[in-house]
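[1] Here is a sequence together with a model predicted from it:
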Amino acid sequence: MPAPLPRDLRTRPGSALPIKPRPASRSGPKLSVASAPFTPLSALAQAAADLSSPTPSQASATLARVADVPEFVPSGAGALFGPQQIDGPVYDQSAYSDDYGYAFYDPQPAYNGMHMVQGGIESMAIAGSEQMSDKAQLDNFFMHHHVGSSFEPLQHHLYNSTLPHVANIPPNQKQVHCLFIEDHLRVHLQSRNEAIQQALDPTSAEGARLPARVDAYHTLFPLDESRAPSKIFGYPTSVYKAVRSTDGRTYVLRRIEGFRLTNEASMSCIEVWRRVRHAGCVSVVGAFTTKAFGDSSLVIVYDYHPLSTTLMAKYFARADPQTANGINERVLWSFICQIASAIKMIHAHNLAVRVVEPSKILITGKNRFRINCCSVLDMLTFDTPTNVQAMQQDDLFNFGKLIVALTSGSLYALHNMQKCMDHMGRSYSPDVRTLAVYLLNRTLTNRNIDDVIKLIAPRMLQEINGAFQQNDFLEDQLSRELENSRLVRLLCKLGFINERPEYELDPTCAETGDIYLLKLFRDYVFHQVDEGGAPILDLAHVLQSLNKLDVGVNEKIMLSSRDEQSCLIVSYRELKQCIETVFNDLMNRRGRIA
Ligand SMILES: Nc1ncnc2c1ncn2[C@@H]1O[C@H](COP(=O)(O)OP(=O)(O)OP(=O)(O)O)[C@@H](O)[C@H]1O
């Protein structure tokens, strides 16, 4: 509903907009909502009331602290990125550019990069002063790492869901939670981002123990370090998360300790594995040998999947009462379909998985399974003659063993296969048993993954349907955030314009013009008070006003000056025009000065 226009309007000199004078003596709350009718939705108002605002004393304390902060003097981009000026990463593309054409990223400053994030205003100023076009440089710039105790975890408890007594609202009203992505998904994504950013303090004992740089990788963080030889590989292996200098992305380094590569040609099998790209495999990125750990190590690089665990850890490591009697059948079919599809892709490349083992199946999300550590055994046994067909048969047999172990809830149960099969027959549909019998039948020497796919085809359709449904859900969640990012861009523009010192000193901007209007609009959106003078913290009003501004609707609103001496009637369309004019002017001025 447009706000009703006041009757007594006159035009202010120098402005085409009508103005309503107010008696100077009038006391009472400034920017009272009574002057611009707005009816907040009760539930939204209730939710918005949860947002707290600082008291005047808190605000002045904050100001006092801000005043203590040394003055930030913006300077040229080159100066800001020079090593003397900031305590952050140094990017010297000319000196370190490699084959990829990206800028190398110096490992030591990666730790210091954290200060740039914590530096708040300063780091934003640095970002703003850079030309945004150099993607690689910006990616590196924003690649910050939280280190040791200075890492501040996100306050998840501040995002509590609505309580039931306010959740049951009429269908024409919305909860604030509907405007943002679903709680569990948000917490999950945030936790993953936190995991990506985890880093050791290089000055700590643990951090100092690891090399600062291994080949093109730095900021190593141990995911798993083991002194004992791996049962599968025969060598002690360690797993690290690390950042690649060439693109600033995080990868996993699997280090095979004490392995001497005698045949350079073995690196060729990595090239073959790199071509296997499948949603059911952890992709192989590359391999190299290094002495950076103080020994001869072979390192194989994989994609990093934050917060993942293994099938072993989830289903077999501890006596979980939920899995003791076997995995849920729905999850089992999901596992079977994903792993069968991955095996098919690998066998189609004339390769064998060789690691269909519980510790080498990674769980990277809810019911997302991927085969990990592909290529390791091919590298380690490169000089030993192997029969790919026989190894592919082994893959199928091991796949069958895994299915039986999952249905019986224990790896030890495999010693009594008959008992396992009986349990499977009682607790699972006959299709599971048929598949397991086929996979475990070693007398059939021509078993192949295509026949497995035919056996599970109807379940594959179910799986595809589930994946599409999940995709629809995620698209819906994404669309909510899409709207928010649109509003954030608008808020950024308003932030660039409002309270600029150069405008404050300019008498033409102080009382008239586009900038003045935008200042009043900011008050209208954020600084309204109710009849009693209490701040109105109504998120619905903010979002509604910003959305109307973004669209530029013809609806008119009344803005009043802070001294309540004048009112301006203006449409959102005119306000949108103001923003565009002032923002273009800012960009032109920036261009002229640069
Ligand atoms: N690509 C990856 N992305 C993310 N995390 C990974 C990745 N690969 C391994 N991990 C993490 O490393 C941990 C250890 O992996 P690893 O394969 O060494 O298992 P393990 O049980 O220690 O096996 P082994 O007995 O062979 O040493 C996993 O639990 C997982 O958390």
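    Received the coordinates, thanks.

[2] Show me the shaky parts of the stretch 451-594 of the chain.
    Scanning the stretch 451-594 of the chain for pLDDT under 70 picks out 507-512, 594.

[3] who in it is up against the ligand?
    Residues of the stretch 451-594 of the chain lying close to the ligand by CB under 6 Å from any ligand atom: none are found. No exception for glycine: its C-beta is placed from N, CA and C like everyone else's.

[4] just the stretch 101-250 of the chain next, same as before
    Taking CB under 6 Å from any ligand atom as the contact definition, the stretch 101-250 of the chain meets the ligand at 223-224, 226, 230-232, 237, 239.

[5] Drop anything exposed from these.
    For those, a neighbour count by 16 or more other CB atoms under 10 Å gives the buried set as 223, 230, 237, 239.

[6] Show the backbone phi and psi for the residue nearest to the second one when sequence neighbours are not counted.
    For residue 230, the nearest residue in space outside its immediate sequence neighbours is residue 237; the separation is 4.8 Å by CB to CB, 6 or more residues apart in numbering. The phi and psi torsions at residue 237 (degrees, to the nearest 10) take the values phi -120, psi 150.

[7] Residue 237: what's it in contact with?
    226, 230, 254-257 (CB atoms under 8 Å, 6 or more residues apart in numbering).

[8] Pull the most distant pair out of the buried ones among the residues of the stretch 101-250 of the chain next to the ligand.
    Spatially, the most separated pair among these is 223 and 230, at 14.1 Å (CB to CB).

[9] mind giving me the domain ranges of this protein?
    For the chain, automatic domain parsing gives the domain ranges 30-52+479-593, 205-455.

[10] winner for burial among these?
    Among those, ranked by average contacts under mean count of other CB atoms under 10 Å, first place goes to domain 205-455 (a mean of 17).

[11] end to end, how far does that one reach?
    End-to-end span of domain 205-455 (CA to CA, to the nearest Å): 54 Å.

[12] again with stretch 287-301
    Stretch 287-301 end-to-end distance (CA to CA) = 6 Å.

[13] List the contacts of it.
    In contact with stretch 287-301 (CB under 8 Å, 6+ apart) are residues 211, 213-215, 217, 251-261, 267, 270, 284-286, 373, 375-376, 379-380.

[14] again, 6 Å this time
    For stretch 287-301, contacts defined as CB atoms under 6 Å, 6 or more residues apart in numbering pick out 211, 214-215, 251, 253-261, 270, 285-286, 376.

[15] So it, near the ligand or not?
    No: applying CB under 6 Å from any ligand atom, one finds stretch 287-301 separated from the ligand by no less than 9.5 Å.

[16] how much space is there between the residue nearest to residue 230 and residue 212?
    21 Å (CB to CB, to the nearest Å).

[17] Check residue 341 too.
    Relative to residue 212, residue 341 is positioned 40 Å away (CB to CB).

[18] which stretches of the protein aren't confidently modelled?
    1-167, 174-177, 318-324, 507-512, 594.

[19] repeat that with 50
    Residues of the chain meeting the criterion pLDDT under 50: 1-150.

[20] Packing partners of whichever helix in it runs longest?
    Counting residues, the longest helix in the chain under DSSP state H turns out to be helix 457-497. If contacts are counted by 3 or more CB pairs under 6 Å, 6 or more residues apart in numbering; DSSP states H and E, helix 457-497 sits against helix 329-348, helix 539-551, helix 572-593.
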